[in-house]
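# 3D model of this:
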Amino acid sequence: MKKIRVEILFLLMFFTLWGSFAGAAEEPYRRLTDAKAAFECDIPAGWSEMQFKNLWFWKGPVSDAGYRATLSVKYYQNGVDDYASARDYIANLSGSAQPSKGAAAPPVQITPVRVANMDGSRFEVDEKFMQEDMPRRKSPRRPLRHWGRIPVRHAHVVLPVNDGFWALRFSAEIEEFMQYRPHFERLLTSFTPKGVPKRQSNGME
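Residues are numbered from 1 along each chain as shown. Coordinates of the predicted model:
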């Protein structure tokens with residue numbers, strides 16, 4: 001009888017933990033439908049949102065190292081917004097436009113992708129993010145795991161259209177990249193352009 005009770009207790013604990021993990025994986029989403037965005041997409045409901053010019057930016061929870069996973073969408077006009085073209089954007093952010101320093105890094109894999117009925121390119125880049133560049137947290141919930149350079153991975157999807165291109169991006173600490181990657185895949189499958197953002201006469205996009 002005692003053995004049966006132990007087994008029942010173990011099963012109850014297992015299903016309780018399984019339910020908590022499933023709940024974390026099934027984080028709810030909300031639909032961005034703001035007319036100013038010129039696009040729609042699904043984003044994690046609990047992530048904070050920022051918007052500046054043609055950039056829409058969402059920030060997730062703070063990692064133990066103090067880095068926030070982020071999602072972003074921006075429309076670039078060729079030759080106006082930092083980059084001459086989608087090809088220029090890819091060359092600069094993939095590192096192929098930069099001369100190698102020291103030992104040659106493995107080449108970034110750039111693969112074709114199709115999003116919202118548009119053909120584009122996808123690639124991932126790793127970097128060491130300087131923690132000193134991040135705002136200090138006030139009254140942190142937990143101490144930072146380490147100090148200095150944080151290994152971060154950026155996933156990019158670039159979609160040329162008309163005289164510009166859409167840039168969809170996901171960044172996270174490498175240790176948490178796979179945990180939050182489904183949010184980026186959801187953004188990609190739900191991304192629906194509604195034209196291109198209008199440029200304002202005062203210089204704001």
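
# now the element after the lowest-mean-pLDDT helix or strand in the chain, going C-ward?
Of all the helices and strands that make up the chain, the one with the lowest confidence by mean pLDDT, DSSP states H and E is helix 2-25; it has a mean of 42. Beyond helix 2-25 on the C-terminal side, the first helix or strand identified by DSSP states H and E is strand 29-32.

# with just CA atoms, put that next one into CSV.
Extracted in CSV, the C-alpha atoms of strand 29-32 (Å, rounded to 0.1, in the frame of the first residue of the first chain):
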residue,chain,number,x,y,z
TYR,A,29,0.2,35.9,-28.3
ARG,A,30,-1.5,39.1,-29.3
ARG,A,31,-2.1,40.6,-32.7
LEU,A,32,-0.3,43.8,-33.7
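
# name every strand pairing with it and say which way it goes.
Its sheet considered, strand 29-32 pairs with strand 39-44 (antiparallel) by DSSP bridges.

# go through the strand it pairs with and flag the buried ones.
Within strand 39-44, the residues scored as buried using 16 or more other CB atoms under 10 Å are 39, 41-44. Glycine gets a C-beta too; all of them are placed from N, C-alpha and C.

# just the residues you listed now: which is nearest Leu159?
Of all the buried residues of strand 39-44, Leu159 sits closest to Phe39, with 10.6 Å by CB to CB.
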